[in-house]
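Trainee: quick one, structure for this:
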Amino acid sequence: MSAGGLRRRLRAWGRRQLYSFFSSLGTLLSHRLGTVMTVLVLGIAMLLPLGLYVSVKNLKALDLQQQDWGTITVFLQHEAGEHDALALSGRIEQQHGAGVEAVSPLQGMEEFREASGFGQALDLFEENPLPWVLLVTPLQADDAGLEETVGELAEWLEVQDRVDLVQVDYKWLKRLAGLLELGGAFVTVLTVMFSLAVVVVVANTIRLDVANRAEEIQVLNMVGAGNSFIRQPFLYSGFWYGLLGALLALLLLSLSMFYLQRPLESLLDAYGNTFEVNGLGGRGMLFVLLAGGLLGFVGAWLSVRRYLRQFRLEKARLQR
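Mentor: Numbering: from 1, shown residues only. Below is the predicted model of the structure:
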């Protein structure tokens, strides 16, 4: 075949694809109620894993300070002075080899002033109510060894003179991190399950569309149309279903984030985490749209493939 003939065939193929692509959208728009209902189901199905993914993504942005998980906060009695704090620090370093940072009441007040934002309200105190605080960091070890080391060191600290309170945050921080990891696993499971749901919904919708156009398909087959020609408009319809469902899911996600952003940021600010709630981003949104279209395409392909196979078997049976 000459180069000119190949170009003509490619142009003809491209025009046919574009015609089927946009005519399939016109067909969907001509059945507005059915299309809207299907797109709503698809959009809600896609929204659930997307919403959980964005939630886990933002929660993972919290500063869990994993490098300080083994740190023990030791509050000394209010009457304890610098000499008591330094003496206890020396015993901790000598007997347990742990790192110790002593925080004076003045230093603690300045840090609290900056973190809390109370500012001038703290000047109303006649005397500094904060005690000396020791931040004790035990020797590094794996998770199991660190938990045991922290427990033993905390028990030893609780019985020391001038110690008022020993606070260990290791366990709940570890549990929070574990919950975030579990949330990530849930995102994967829900994504797989609802992706299958999208494929099934599109496949069932296209199956009904194929059944309604059975006579048209039979006529096309009798005049020599191939399976690819018959399958083409249905595949594009499935693509449009998935694409519109993904677009609706992104719209619902944006509205939900807009509604929840202010109270969520206020809650996080109260815990000292100042960051903006982030969405999927441009690449993430593009990926969701393409994935939605692909899922719809796959669902349509499975449905039409099954119908054409049954039609071919029925035709072979009648010709015997």
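Trainee: what's the spacing between V298 and G292?
Mentor: V298 sits 11 Å away from G292, going by CB to CB, to the nearest Å. In this view, the C-beta of every residue, glycine as well, is placed from N, C-alpha and C.
Trainee: looking at the two, which has the bigger crowd around it?
Mentor: Ranked by neighbour count (other CB atoms under 10 Å), V298 and G292 place G292 first, with 27 against 19.
Trainee: which non-adjacent residue is nearest the spatially most central residue of the chain?
Mentor: The chain has Y53 as the residue nearest its centroid, 1.5 Å off, counting by CA atoms, centre = their mean. Counting by CB to CB, 6 or more residues apart in numbering, Y53 lies nearest to V187, which is 4.7 Å off, once chain neighbours are set aside.
Trainee: wait, isn't the one you found in contact with V54?
Mentor: No. Here V187 does not reach V54: they are 9.5 Å apart, not a contact under CB atoms under 8 Å.
Trainee: the helix or strand containing V202: how far from the chain's middle?
Mentor: Taking DSSP states H and E as the criterion, V202 maps to helix 170-212. With CA atoms, centre = their mean, to the nearest Å as the basis, helix 170-212 stands 11 Å off its chain's centre.
Trainee: what helices and strands are in contact with that helix?
Mentor: helix 32-60, helix 143-158, helix 227-270, helix 281-319 (3 or more CB pairs under 8 Å, 6 or more residues apart in numbering; DSSP states H and E).
Trainee: and P129, which of the ones you listed is closest to it?
Mentor: Relative to P129, the nearest member of the helices and strands packed on helix 170-212 by CB to CB is helix 227-270, separated by 21.2 Å.
Trainee: check which helices and strands that closest one sits against.
Mentor: Counting contacts by 3+ CB pairs under 8 Å, 6+ apart, helix 227-270 is packed against helix 3-30, helix 32-60, helix 170-212, helix 214-222, helix 281-319.
Trainee: save the ones you listed as TSV, and put in mean pLDDT and distance to L264 too.
Mentor: Listed next are those as TSV, based on pLDDT from 0 to 100; distance: least, CB to CB, whole Å:
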stretch	mean pLDDT	distance to L264
helix 3-30	73	36
helix 32-60	86	8
helix 170-212	81	16
helix 214-222	66	52
helix 281-319	80	18
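Trainee: which one of the ones you listed lies closest to L247?
Mentor: Across these, L247 has its closest neighbour in helix 281-319 (6.5 Å, CB to CB).
Trainee: please point out which parts of the closest one sit buried.
Mentor: Neighbour-count burial for helix 281-319 flags 284-285, 288-289, 291-304, 307-308, 311 (criterion: 16 or more other CB atoms under 10 Å).
Trainee: so M109 lies in a helix, does it not?
Mentor: Yes. Assigned with DSSP: H, G, I helix; E, B strand; the rest coil, M109 falls within a helix.
Trainee: mind starting the numbering at 57 from now?
Mentor: From this message on, residue numbering opens at 57, which makes the last subject M165.
Trainee: just the pLDDT for it.
Mentor: The model reports M165 with a pLDDT of 70.
Trainee: that one touches E183, doesn't it?
Mentor: No. In this structure, M165 is not within contact of E183 by CB under 8 Å, at 10.6 Å.
Trainee: of those two, who's got more company?
Mentor: M165 (16 against 7).
Trainee: mind checking how far the more buried one is from G155?
Mentor: Distance, M165 to G155, by CB to CB: 23 Å.
Trainee: what's the answer for G298, then?
Mentor: Noted for G298: a distance of 55 Å to G155, by CB to CB.
Trainee: E135 now?
Mentor: In this view, E135 and G155 are 26 Å apart by CB to CB.
Trainee: so between the two, which is more surrounded?
Mentor: Between E135 and G155, counted using other CB under 10 Å, G155 has the larger neighbour count: 15 against 9.
Trainee: how about the nearest residue to that one, chain neighbours excluded?
Mentor: Excluding its sequence neighbours, the residue lying closest to G155 (CB to CB, 6+ apart) is T193, at 4.3 Å.
Trainee: surely the one you found meets G153?
Mentor: No. Using CB under 8 Å, T193 is not in contact with G153, being 10.5 Å away.
Trainee: so between those two, which is more surrounded?
Mentor: Legend: neighbour count by other CB under 10 Å for T193 and G153, higher for T193 (17 against 9).
Trainee: secondary structure class for V222?
Mentor: Under three-state DSSP, V222 falls in the strand class.
Trainee: okay, now the nearest residue to A154 once chain neighbours are set aside: neighbour count?
Mentor: Of all residues not flanking A154 in the chain, P194 sits nearest, at 4.7 Å (CB to CB, 6+ apart). P194: 22 surrounding residues under other CB under 10 Å.
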